[in-house]
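Colleague: Build me a structure from this.
(one chain, ligands or ions: 1)
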Amino acid sequence: MGERKTTQFPSPMPEKFIKLLEGFRVSKVLFAACELSIFDKLRSASVPQSASEITQTLSSNLDATTRLMDTLVAMELLEKSKQGDRWLYNNSEMATKFLTTESPDSALGLINLENNISYHFYGNLESAVKEGETQWERIYGKSSEEVFKEHYSTEDDTLRFMSAMHCNSLYGSYAVAKAMDLSEYSSCCDLGGAVGTLAYALCQFNPKMKITVCDLEPAVSLAHHFRPSVEACPNQANVSFAVGDFFKPETLPKAELYVLSHVLHDWSEDKVDLILSNVYKCLPSGGGLLICEQILNEDKSGPLPALLNCLLMLVETGGKERSASEYKLLLEKHGFVDVQAKKVYFSKDAILCKKL
Ligand SMILES: C[S@@+](CC[C@H](N)C(=O)[O-])C[C@H]1O[C@@H](n2cnc3c(N)ncnc32)[C@H](O)[C@@H]1O
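Modeller: Here you go, the predicted structure:
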């Protein structure tokens with residue numbers, strides 16, 4: 001009895017630790033279910049479905065599909081109920097909102113990019129940390145100079161990247177547009193503005209502002225897919241699109257306010273310097289620059305989503321995320337003044353500055 005009492009048990013793994021350990025599995029279950037269109041299939045069926053009915057529409061394996069669907073129930077993406085002796089599955093509210101194609105809040109474009117691109121880059125994190133380099137060469141046998149060319153190699157690839165940018169930016173764009181007082185500017189140019197997600201948000205909060213979205217030709221040519229309805233965005237006529245290259249200042253539309261949203265974090269230090277000096281050149285005196293990025297804590301201890309993105313930039317683009325004081329130093333080096341940083345939303349914070 002005495003010996004039993006003194007037996008030392010090994011420490012149980014805390015739930016928080018197990019979640020860290022197995023986090024990639026959870027993401028991969030989500031990605032696989034989206035690739036297989038499970039949420040869309042359940043949405044288009046007018047009544048809850050059994051695993052065997054879903055298996056038939058997917059031409060998949062019944063046991064494997066049931067395991068996947070039960071896991072999705074545990075992840076609160078599906079709900080399961082018993083009717084007679086049959087178990088039936090339906091989308092949870094969260095899945096209907098974010099994981100079905102029809103939903104205006106659909107995150108499927110972003111999930112597609114995470115599964116097909118980011119997942120592979122993150123799979124090479126160890127090499128990136130050892131080498132301090134992007135992993136394009138290792139994964140695709142190409143240099144990282146080709147990042148956007150690669151995303152735009154076919155129309156489908158371009159549409160996938162644009163859908164991902166749109167859904168990554170949607171809520172944050174409205175949050176930034178609401179948080180920032182830009183009323184002194186009557187014209188704006190969103191450089192690398194993709195399909196206009198931020199521009200449409202800005203025009204709602206700044207009804208007198210004319211906004212040009214300037215991007216590479218493949219992005220601009222697909223922007224019409226993302227144009228909101230007049231009911232959803234009554235000022236949408238104030239948004240127009242132009243093809244331009246932020247490395248070539250002569251191609252950039254003139255504006256009193258330039259925006260760089262999730263652009264600077266894509267580029268190496270020398271390219272960031274080139275973009276900022278081009279913007280400074282193009283701005284009239286008194287003009288503004290609004291940068292939207294995730295701002296790191298000053299001690300770089302968080303926020304976790306910004307740090308995870310900073311690692312993604314390491315493996316994929318050669319860029320990085322920065323703290324507010326790093327942005328201030330960078331912008332002042334280029335002659336900008338009155339640099340103000342504002343925390344807004346986990347995926348989009350704001351830094352506003354001026355040219356004297
Ligand atoms: C990470 S995305 C950000 C998109 C959008 N601003 C947002 O916040 O979601 C970077 C954008 O920069 C654009 N881009 C890349 N190189 C460019 C260049 N040289 N000139 C103009 N736009 C460029 C890409 O086409 C892409 O739309």
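Colleague: immediately after the helix or strand of the chain with the lowest mean pLDDT, which helix or strand?
Modeller: Within the chain, no helix or strand scores below helix 2-6, which has a mean of 67 by mean pLDDT, DSSP states H and E. As assigned by DSSP states H and E, the chain's next helix or strand after helix 2-6 is helix 15-35.
Colleague: for that following helix, the distance to its chain's centre please.
Modeller: 18 Å (C-alpha atoms, centre = their mean, to the nearest Å).
Colleague: Would you map the helices across the stretch 51-200 of the chain?
Modeller: With DSSP state H, counting those that start in this stretch as the criterion, the stretch 51-200 of the chain has helices at 51-58, 62-74, 93-98, 108-113, 119-122, 125-131, 136-140, 147-151, 155-179, 197-205.
Colleague: is the fourth one up against the ligand anywhere?
Modeller: No - interface with the ligand: helix 108-113 contributes nothing (C-beta under 6 Å from any ligand atom), its closest point being 10.5 Å away. Where C-beta positions appear, they are placed from N, C-alpha and C, glycine not excepted.
Colleague: That helix packs against which elements?
Modeller: Here helix 108-113 touches helix 15-35, helix 155-179, going by 3 or more C-beta pairs under 8 Å, 6 or more residues apart in numbering; DSSP states H and E.
Colleague: relative to helix 197-205, how tilted is the last one?
Modeller: In terms of direction (axes from the mean of the first three to the mean of the last three C-alpha atoms, to 10 degrees), helix 155-179 departs from helix 197-205 by 30 degrees.
Colleague: what sits up against helix 155-179?
Modeller: Residues outside helix 155-179 that contact it (C-beta atoms under 8 Å, 6 or more residues apart in numbering): 105-110, 112-114, 116, 150-152, 194-195, 197-198, 200-202, 204-206, 218-219, 222-223, 225-226, 261-262, 290, 292, 342, 344-348, 350.
Colleague: Write out the residues of the stretch 101-250 of the chain neighbouring the ligand.
Modeller: Residues of the stretch 101-250 of the chain lying near the ligand (C-beta under 6 Å from any ligand atom): 148, 165, 168-169, 192-194, 197-198, 215-216, 219, 244-247.
Colleague: Quick check: ChimeraX command selecting the buried ones in the residues you listed.
Modeller: In ChimeraX, this line selects whichever of these come out buried by 16 or more other C-beta atoms under 10 Å:
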select :148,165,168,169,192,193,194,197,198,215,216,219,244,245,246
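Colleague: So which of the residues of the stretch 101-250 of the chain next to the ligand sits lowest on pLDDT?
Modeller: Scanning these for pLDDT, the low point is residue 148. It has 88.
Colleague: how much space is there between the residue of the chain found nearest the ligand and residue 91?
Modeller: Of all residues in the chain, the one sitting closest to the ligand is residue 192 (2.8 Å; C-beta to the nearest ligand atom). From residue 192 over to residue 91 the distance is 35 Å, taken as C-beta to C-beta, to the nearest Å.
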